[in-house]
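Participant: Next input, structure requested:
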Amino acid sequence: MSRYIIEQAIKLCMSTNNVPCLIGYTGVGKTDIGRIIAEQSNRVLIDLNLAVQSTEDLIGYPYKAEDNKMHWAPPAWFPDEENKYIVYADEINRASKDVINAIMPLLLGGKLHEHKLPKGTWIMCAMNPDNDDFDMVYSFDDAAVVSRLIFIEVPPEFNSWEKWLKNNNKYDETIINFLTKNPKFFVPEIKNVMTQKIVPNPRSWTKFINILHYCKANKIKPLDELDIICRGLLGENINIHLATLLDSYFEELEFDTLFKYDFENDSALFISNIVIQNLNAGKKLPSEKDCADWFLRNAKTHPAIIRRIIMEVDTGFNGIYKHASFVEAISYITTH
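Facilitator: Below you'll find the predicted structure:
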């Protein structure tokens, strides 16, 4: 599964007010995914490393107010109303039991004592594989907690790491050639036992239904992303039985109809992915004039997304170039 699909699955979780929990070894890019999604969604990332946090760091300090009652001052990291945020709770299974107890109300309900996260705040967390290969402080064995999170594995991506080495003048051809020939030595395979603890229940099925309704309302058909979410929310093997059902569930989301709807912030990336896949598969654009106008409208609201579509479509756009609105869209994205 590509890193892009994993990123979109995580974004879909947060867009539907769910909390994804990323599972992967140190260095595979879990924090980078948080930064990428924050940048794409124009949000500020608040990175909380729970392994080095105390309860006071997370919940703030009590004080006696003018009403002679005890109140809690919000911690310095707590989001304000000025921006949109992603709260990223990292190393969640290396935190102490007290820290876990302090952070869970925030992860599961968006509340911290008398303080509530601003509307629209997204939450995600991350952990190392919950198995005997890693020295954990806290193991997830509470069914109530497990059913409220969506666990998503983040495997190592060799090509991204190789690119990073080149960009940071750390590339070593000898080591790269060795790992290319012996990929099993790059990062151990995730032998995660979390999937054994994930079982379907009314709460998790309700979450999955809400995600499906969100996809329909936003005219998106993210089957690969839903496969990842299904495994992390309902458990292994259920995704196999749901695959055919989900494909027919979205039958009305035809390629041609996508150009009837302008981008919304939460669905733009998903729709652009479908457009790119269909055009590269040889699908023809519907009405060229309408599509050209669609490109121009969305270029003015989401220039980076339109730029990505134009750059990643291999087959070109044929006759759409003759329409002034498409030419204007290209001109707009090159200057913004």
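Participant: helices or strands up against the longest helix that the chain contains?
Facilitator: Longest helix in the chain, counting residues (DSSP state H): helix 202-217. For helix 202-217, the elements it packs on are helix 3-15, helix 223-234, judged by 3 or more Cβ pairs under 8 Å, 6 or more residues apart in numbering; DSSP states H and E. C-beta: built from backbone N, CA, C; applies to glycine.
Participant: okay, these in JSON lines with mean pLDDT, mean neighbour count and distance to Ile306 next?
Facilitator: Listed next are the helices and strands packed on helix 202-217 as JSON lines, based on pLDDT from 0 to 100; neighbours: other Cβ atoms under 10 Å; distance: least, Cβ to Cβ, whole Å:
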{"stretch": "helix 3-15", "mean pLDDT": "92", "mean neighbour count": "22", "distance to Ile306": "17"}
{"stretch": "helix 223-234", "mean pLDDT": "90", "mean neighbour count": "22", "distance to Ile306": "21"}
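Participant: In a markdown table: the ones you listed, plus distance to Ile59.
Facilitator: Formatted as a markdown table, those follow (distance: least, Cβ to Cβ, whole Å):
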| stretch | distance to Ile59 |
| --- | --- |
| helix 3-15 | 23 |
| helix 223-234 | 28 |
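Participant: what about those, which gets the closest to Ile123?
Facilitator: helix 3-15 (7.0 Å; Cβ to Cβ).
Participant: now the closest one against helix 202-217, angle please.
Facilitator: 110 degrees (axes from the mean of the first three to the mean of the last three Cα atoms, to 10 degrees).
Participant: continuing past helix 3-15, what's the next helix or strand?
Facilitator: Downstream of helix 3-15, the first helix or strand assigned by DSSP states H and E is strand 19-23.
Participant: Any buried residues in the one helix or strand Asp98 maps to, and which?
Facilitator: Assigned by DSSP H and E, Asp98 belongs to helix 97-109. For helix 97-109, burial by neighbour count (16 or more other Cβ atoms under 10 Å) applies to Val99, Ile100, Ala102, Ile103, Met104, Leu106, Leu107.
Participant: Nearest to Gln40 among those residues?
Facilitator: Leu107 (22.0 Å).
Participant: which residues touch the residue nearest to Leu108 when sequence neighbours are not counted?
Facilitator: Spatial nearest neighbour of Leu108, chain neighbours left out: Arg148 (5.0 Å); criterion: Cβ to Cβ, 6 or more residues apart in numbering. Contacts for Arg148 (Cβ atoms under 8 Å, 6 or more residues apart in numbering) come out as Val19, Leu107, Leu108, Arg203.
Participant: what two of these have the greatest distance between them?
Facilitator: Across the contacts of Arg148 (Cβ to Cβ), the longest gap, 14.9 Å, separates Leu107 and Arg203.
Participant: Please list all residues in contact with Trp161.
Facilitator: Contacts of Trp161 (Cβ under 8 Å, 6+ apart): none.
Participant: avg pLDDT for the host helix or strand of it?
Facilitator: Taking DSSP H and E as the criterion, Trp161 maps to helix 158-167. In this model, helix 158-167 has a mean pLDDT of 83.
Participant: So which bits of that helix are buried?
Facilitator: For helix 158-167, by 16+ other Cβ under 10 Å, it's Trp161.
Participant: Just the helices from the stretch 151-300 of the chain, written as ranges.
Facilitator: Using DSSP state H, counting those that start in this stretch, the helices of the stretch 151-300 of the chain run over 158-167, 173-181, 194-197, 202-217, 223-234, 238-249, 268-280, 288-301.
Participant: by contact count, what packs against the last one?
Facilitator: Counting contacts by 3+ Cβ pairs under 8 Å, 6+ apart, helix 288-301 packs against helix 303-312, helix 324-335.
Participant: Centre of the chain to the last one, how far?
Facilitator: Relative to its parent chain, helix 324-335 has a centroid offset of 30 Å by Cα atoms, centre = their mean, to the nearest Å.
Participant: Show the subsequent helix or strand relative to the helix holding Asp98.
Facilitator: Per DSSP H and E, the helix or strand that comes after helix 97-109 is strand 111-112.
Participant: Listing partners with orientation, what would you give for that following strand?
Facilitator: With DSSP bridges as the test, strand 111-112 is paired with strand 115-116 (antiparallel).
Participant: contacts for the strand it pairs with?
Facilitator: Contacts of strand 115-116 (Cβ under 8 Å, 6+ apart): Trp72, Pro74, Phe78, Gly110.
Participant: can you rerun that using 6 Å?
Facilitator: Strand 115-116 is contacted from outside by Pro74, Gly110, using Cβ atoms under 6 Å, 6 or more residues apart in numbering.
Participant: For the helix or strand following it, C-alpha coordinates in CSV please.
Facilitator: For strand 115-116, the succeeding helix or strand toward the C-terminus, using DSSP H and E, is strand 122-127. C-alpha atoms of strand 122-127 as CSV (Å, rounded to 0.1, in the frame of the first residue of the first chain):
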residue,chain,number,x,y,z
TRP,A,122,-8.2,17.0,14.5
ILE,A,123,-6.6,14.5,16.7
MET,A,124,-4.2,11.6,15.9
CYS,A,125,-1.8,9.5,17.9
ALA,A,126,1.0,7.1,17.2
MET,A,127,2.7,4.1,18.8
